[in-house]
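In: Take this sequence and fold it.
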Amino acid sequence: MENVKPTQFSVHLITDTLKALYTGVIDLIYPPLCMICDDRLELAGLEICQTCLNNFKLIGSPHGQFSVPGDIYISTAWALFEYDESFQQLIHHLKYSRRRKPIGVVLNHYQSQILDQLPVDEIDLIISVPLHPRKLRERGYNQVDDMSRWLMGKLNTELGNHLVKRKKYTSTQTKLTAEERMENVRAAFGVTDASAFQGKHVLLVDDVLTTGATSNALAGILEQSGAAKIDLITLSTPQFGNA
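Out: So this is what the prediction gives:
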């Protein structure tokens, strides 16, 4: 009897079938649960249920004045969602649990409301507020890079993450006052090519806006490098009156 060699298509078909069976068994034993409410998910890959997704509260308008002392280099700041308990959980998973996919799910769900707030045809560069190389190694990724790439695609602009760097390793700012935050990030940032910012409108991207000290410190460096305008967008803020 003649030996019949399996084709590449048949190998892929068998592999995909086995993967599907394995996933089905795992989901049966360990049903996928929503990362926010722990209810069972109908679509496991989303990691967040439709109810929790619909319950996030979009702020829908630019943020207020910054509470950091000194000059402010950011023209307009948007904090997209209210910092309630559910959204805190989402951000915690984003930063510390390597569960990054739900951010894209949230942004896609609220896409029209988000883009309606932004100067869609005016932005030249989108830049994630950078992590220090040491912190990047510890975490394994910058938690806002996926958001920056999402915005780049929707705003049809360029990603400029390679143009900035974090020179100073700063300790966590969670329990610091506004003045302490300013001192903590002083001289923390640098640029790799100042000429790339000449006359440009830059949109900085971060996860949470508290006092604004970190993003404002970076914005100051960009203004010195020739940027014409610097805006900021974050996922959320624990303060509603002040940035």
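In: Quickly list what residue 159 is bridged to.
Out: residue 126 (DSSP bridges).
In: pLDDT score for it?
Out: The score at residue 159 is 98. That number is its pLDDT.
In: per the record, what domains does the protein have?
Out: As given by automatic domain parsing, the domain ranges for the chain are 7-55, 57-237.
In: Now render those as JSON lines, adding mean neighbour count.
Out: The C-beta positions use only the backbone N, C-alpha and C, and glycine is treated the same way. JSON lines is the format used below for the domains of the chain (neighbours: other C-beta atoms under 10 Å):
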{"stretch": "domain 7-55", "mean neighbour count": "13"}
{"stretch": "domain 57-237", "mean neighbour count": "18"}
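In: and the residue positioned nearest the centre of the chain, what does it touch?
Out: With distances taken as C-alpha atoms, centre = their mean, residue 144 lies nearest the centre of the chain, 2.6 Å away. Residue 144 makes contact with 128, 129, 205, 206, 207, 235 under the criterion C-beta atoms under 8 Å, 6 or more residues apart in numbering.
In: For the chain, which segments count as strands?
Out: 77-82, 125-128, 158-159, 164-166, 189-191, 201-208, 229-237 (DSSP state E).
In: Of those strands, give the one that comes closest to residue 102.
Out: Residue 102 sits nearest to strand 229-237 of all the strands of the chain, at 11.2 Å, using C-beta to C-beta.
In: Okay, now the sheet partners of that closest one, with direction.
Out: As defined by DSSP bridges, the strand partners of strand 229-237 come to strand 77-82 (parallel), strand 201-208 (parallel).
In: Of the domains of the chain, which shows the lowest average pLDDT?
Out: domain 7-55 (a mean of 73).
In: do you know how far residue 129 is from residue 196?
Out: Per C-beta to C-beta, to the nearest Å, residue 129 is found 17 Å from residue 196.
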